[in-house]
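Asks: Sequence first, predicted model second:
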Amino acid sequence: MSSIEHSLDMAANIKGAFAVAVVDYESGMMLGSRGGSAEFDLEVAAPGNSDVVRTKIEVSQKLGLREQIEDILITLDNQYHLIRLIRGLPDEKLFFYLVLNRAQANLAMARRDLRVIEQEFYMSHPNAGARAPQGDNQYFQTNAHR
């Protein structure tokens, strides 16, 4: 079983999970998914949230932020949409996209669980040795004069 498939299976078991996908935010392509429904099309949601990620990274760069984006939360009346960037893979620009039923989910636990899944995904990735040292920011150039 691939690390993507294993990660998707784990994320699909998070309490309240309705849909989950691994997405390449450069292309908007879904690399795998679980869940969804006729009313909630992951094939539409994944590329749309790629735009959200790219825009947030661009704004962070313009602001000169030297911190990494950990996750992005979108709160709807009945759902949480949690976007977690998969950090540490310098050549790949991936994120987990998790949709939770708000009445069933514990947001704090879901964020913790998704962080653990992200770490396990990174550790099982063939390019894991290429990870930048902790504290380095893979998304932004560090300004040495700050």
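Replies: Nice, thanks for sending it over. All of these numbers come straight from a predicted model, not from anything done at the bench.
Asks: Low-confidence ranges, this protein, go.
Replies: 1, 89-90, 125-146 (pLDDT under 70).
Asks: try 50 this time
Replies: Low-confidence segments of the chain, defined by pLDDT under 50, span residues 130-146.
Asks: Which parts of it are helices?
Replies: Applying DSSP state H to the chain gives helices spanning 3-12, 42-63, 107-124.
Asks: Sort out which residues of the second one are buried, please.
Replies: In other words, helix 42-63. 42, 45-47, 49-50, 52-53, 57, 60 (16 or more other Cβ atoms under 10 Å). No exception for glycine: its C-beta is placed from N, CA and C like everyone else's.
Asks: And stretch 77-85, by the same measure?
Replies: Those would be 79-85, for stretch 77-85 by 16+ other Cβ under 10 Å.
Asks: Likewise for stretch 63-78?
Replies: 68-69, 72.
Asks: now swap in stretch 29-43 and tell me
Replies: Buried, per 16+ other Cβ under 10 Å, within stretch 29-43: 30-31, 33-36, 42.
Asks: ok, now stretch 112-120?
Replies: For stretch 112-120, by 16+ other Cβ under 10 Å, it's 113-114, 117-118.
Asks: I'd like the residues you listed laid out as TSV, including distance to Ala103.
Replies: Converted to TSV, the buried residues of stretch 112-120 look like this (distance: Cβ to Cβ, whole Å):
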residue	distance to Ala103
Asp113	18
Leu114	19
Ile117	22
Glu118	25
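Asks: Looking at those, spot the one nearest Gly64.
Replies: Glu118 (25.6 Å; Cβ to Cβ).
Asks: what's near enough to touch that closest one?
Replies: Residues counted as contacts of Glu118 (Cβ atoms under 8 Å, 6 or more residues apart in numbering) are 7, 84, 86-87, 96.
Asks: switch to 7 Å and redo it
Replies: 84, 86, 96 (Cβ atoms under 7 Å, 6 or more residues apart in numbering).
Asks: With distance to Asp24 as added columns, please give the helices of the chain in CSV.
Replies: Below are the helices of the chain laid out as CSV (distance: least, Cβ to Cβ, whole Å):
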stretch, distance to Asp24
helix 3-12, 11
helix 42-63, 7
helix 107-124, 14
